[in-house]
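A.B. asks: Fold the following for me, if possible:
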Amino acid sequence: MDSFIHFFSTNYNMITIVILSIFLGIEVISRVPSVLHTPLMSGANAIHGVVIIGAIIVMLNADSSDIPVMILGFLAVLLGTLNVVGGFVVTDRMLQMFKKKKQGNK
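C.D. replies: This is a model prediction of the structure:
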């Protein structure tokens, strides 16, 4: 418990910034009109690609005996990959709505 209190007291500023960023992100996303969701999703896919590369670099530089770091790195790669793939699938489905449908021969 003392290590948690020490970690919290030394990193109080960073923890506060992360919490405020979460609230700011929620407010910004909730006010985006639905017309802009497709371009924003493409941007989010690019950002998550950077997250995946960063997680891979961290895992490569981490000590292999540090199990929590390896687990968090693996989860970051896995969840980032799922988010990118899901984002591209949703973006593709949204773009399919704007394509003209082919008319059959009558």
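A.B. asks: which residues are in contact with stretch 64-80?
C.D. replies: Contact with stretch 64-80 is made by 48-49, 51-52, 54-56, 58-59, 62-63, as judged by Cβ atoms under 8 Å, 6 or more residues apart in numbering. For every residue, glycine as well, the C-beta is placed using N, CA and C.
A.B. asks: Okay, buried residues for it please.
C.D. replies: Judged by neighbour count using 16 or more other Cβ atoms under 10 Å, the buried positions of stretch 64-80 are 73, 76-77, 80.
A.B. asks: Would you mind checking the contacts of stretch 64-80 for buried ones?
C.D. replies: Among the contacts of stretch 64-80, the ones that count as buried by 16+ other Cβ under 10 Å are 48, 51-52, 55, 59.
A.B. asks: can you tell me which of those residues lies nearest to residue 90?
C.D. replies: Nearest to residue 90 out of the buried ones among the contacts of stretch 64-80 is residue 48 (Cβ to Cβ; 12.9 Å).
A.B. asks: Show me the buried ones among the contacts of stretch 64-80 that map onto strands.
C.D. replies: Among the buried ones among the contacts of stretch 64-80, no member is found in strands (DSSP state E).
A.B. asks: so how far is residue 60 from residue 18?
C.D. replies: 25 Å (Cβ to Cβ, to the nearest Å).
A.B. asks: Just the C-alpha atoms of the helix or strand containing residue 29, please, in PDB.
C.D. replies: According to DSSP states H and E, residue 29 maps onto helix 12-30. The C-alpha trace of helix 12-30 is given here as PDB (Å, rounded to 0.1, in the frame of the first residue of the first chain):
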ATOM      1  CA  TYR A  12      -0.100  13.300  -9.100                       C
ATOM      2  CA  ASN A  13       0.300  15.800 -11.900                       C
ATOM      3  CA  MET A  14       0.400  13.200 -14.600                       C
ATOM      4  CA  ILE A  15      -2.600  11.300 -13.200                       C
ATOM      5  CA  THR A  16      -4.600  14.600 -13.000                       C
ATOM      6  CA  ILE A  17      -3.800  15.300 -16.700                       C
ATOM      7  CA  VAL A  18      -4.900  11.800 -17.800                       C
ATOM      8  CA  ILE A  19      -8.200  12.100 -15.900                       C
ATOM      9  CA  LEU A  20      -8.800  15.600 -17.300                       C
ATOM     10  CA  SER A  21      -8.000  14.300 -20.800                       C
ATOM     11  CA  ILE A  22     -10.500  11.600 -20.500                       C
ATOM     12  CA  PHE A  23     -13.300  14.100 -19.600                       C
ATOM     13  CA  LEU A  24     -12.200  16.400 -22.400                       C
ATOM     14  CA  GLY A  25     -12.200  13.600 -24.900                       C
ATOM     15  CA  ILE A  26     -15.700  12.500 -23.800                       C
ATOM     16  CA  GLU A  27     -17.000  16.100 -24.200                       C
ATOM     17  CA  VAL A  28     -15.400  16.600 -27.600                       C
ATOM     18  CA  ILE A  29     -16.600  13.200 -29.000                       C
ATOM     19  CA  SER A  30     -20.100  13.700 -27.800                       C
END
